[in-house]
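> Predicted coordinates and the sequence they were generated for:
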Amino acid sequence: MPEKALSRLFGRFERAASIRHYGGLGLGLYVSREIVEAHGGSISASNQPGGGACFMIRLPAGETGSGPP
């Protein structure tokens, strides 16, 4: 994934690759970010040595015993 694409990857209708090569609307990672942030977390992406990408989701630990019975 181009380094310059990483900064905008989670934006609405953003794509890291041309639509000619891959289908989709560019909403999947945007929706993922919205869900993760709604739960107080964060999501990020980075390139891996040798190729491929790594996506990291961080969510806060909940309080024990605070859920429904």
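Received the coordinates, thanks.
> The host helix or strand of K4 - contacts with which helices or strands?
Using DSSP states H and E, K4 sits within helix 3-6. Helices and strands touching helix 3-6, as assessed by 3 or more C-beta pairs under 8 Å, 6 or more residues apart in numbering; DSSP states H and E, comprise strand 42-47. Every C-beta, even on glycine, is put in place using the N, C-alpha and C of the backbone.
> buried sites along the strand it packs on?
Along strand 42-47, the positions that meet the burial threshold by neighbour count (16 or more other C-beta atoms under 10 Å) are I43, A45.
> What is it packed up against?
Under the contact criterion of 3+ C-beta pairs under 8 Å, 6+ apart, the helices and strands touching strand 42-47 comprise helix 3-6, helix 28-38, strand 53-58.
> JSON lines for those, including mean neighbour count and mean pLDDT?
Converted to JSON lines, the helices and strands packed on strand 42-47 look like this (neighbours: other C-beta atoms under 10 Å; pLDDT from 0 to 100):
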{"stretch": "helix 3-6", "mean neighbour count": "12", "mean pLDDT": "74"}
{"stretch": "helix 28-38", "mean neighbour count": "14", "mean pLDDT": "91"}
{"stretch": "strand 53-58", "mean neighbour count": "11", "mean pLDDT": "91"}
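> closest one to S46 among those?
Proximity to S46, assessed across the helices and strands packed on strand 42-47 by C-beta to C-beta, is greatest for strand 53-58 (5.2 Å).
> mind listing what G28 touches?
G28 makes no contacts at all, as judged by C-beta atoms under 8 Å, 6 or more residues apart in numbering.
> Distance check, it against P60.
According to C-beta to C-beta, to the nearest Å, G28 stands 23 Å off from P60.
> Check S46 too.
Distance check for S46 against P60: by C-beta to C-beta, it reads 21 Å.
> quick revisit: now the helices and strands packed on strand 42-47 as a markdown table including distance to R12?
Output for the helices and strands packed on strand 42-47, formatted as a markdown table (distance: least, C-beta to C-beta, whole Å):
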| stretch | distance to R12 |
| --- | --- |
| helix 3-6 | 15 |
| helix 28-38 | 5 |
| strand 53-58 | 17 |
